[in-house]
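# Sequence and predicted model, in that order:
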Amino acid sequence: MTMAKILLLVSLFLTFAFSVVGLSVVINALVKSNQEDSYIRSVAPDGTIVDINYHDIYSVCAVMAAACAVLTVFSLVSAFSQITSIGRKQRLVRLQAFLILFGALWLLATVIACDVLFATRSTKITATFDGVALSQSVIQQFEQSIGVSPEYSKQWYLRLCAILPWFAVLFATLSGLLLHRAARNTDGYRDAEATESEKIERASHEQ
């Protein structure tokens, strides 16, 4: 096994590992958000109707989870094909390179969107008591009393979503480029194999 192939396999393994990590932290964030939602509603005074809107970050995290899941599958399949003889088929290697680079670009777009929302946005909470809308100052006092902050930047589980998937983007991009290079080298492998077979055939004719 050549050093280039070892490097490719290591890169694919890291892509797989960080994609799984990214998927895990996103799912954890979605679960924690739902738990916090339920907690706020449960401690609200009787007769209070609370509306909690965090659909912007929720939607981005859902798409990020899908991108991480796709990269997990692509990297695992590519690693398996490189270990077996399938890795010598040029068209398949090029297809794998394209799919992983596509997944990396998709994940990059969602991570950037997540980081922007994480840094600038917060959960929008509105409430009514006996049909009367409560002011934001009253809602903020209630948030402070129960120890809940609406700002995304203060949620540790969202911080993980804003940071860890970047590693999946990095190694997926590296894996895609290495697969593209491997596809080019596959041409050389096939040419060398053809040349060798021609030499053997020519030698047999001379005999």
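Here it is on my side, so go on.

# CA only for contacts and neighbour counts going forward, please
OK.

# For D56, which non-adjacent residue is spatially closest?
Of all residues not flanking D56 in the chain, L117 sits nearest, at 7.8 Å (CA to CA, 6 or more residues apart in numbering).

# wait, what's in contact with the one you found?
L117 makes contacts with D56, I57, Y152, as judged by CA atoms under 8 Å, 6 or more residues apart in numbering.

# The residue with the shortest distance to the centre of the chain: what's it in contact with?
The structure's the chain has its C-alpha centroid closest to C68; by CA atoms, centre = their mean the separation is 3.1 Å. Going by CA under 8 Å, 6+ apart, C68 touches S19, V20, G22, L23, G103, L107, P165, A168.

# Please report the distance of it from C114.
Distance, C68 to C114, using CA to CA, to the nearest Å: 14 Å.

# circling back to that earlier point, may I have the predicted confidence score for the residue nearest to D56?
With respect to pLDDT, L117 scores 95.

# same for the host helix or strand of N28, what does it pack against?
Using DSSP states H and E, N28 sits in helix 3-43. Applying 3 or more CA pairs under 8 Å, 6 or more residues apart in numbering; DSSP states H and E, we find helix 3-43 packed against strand 48-53, helix 55-83, helix 156-163, helix 165-206.
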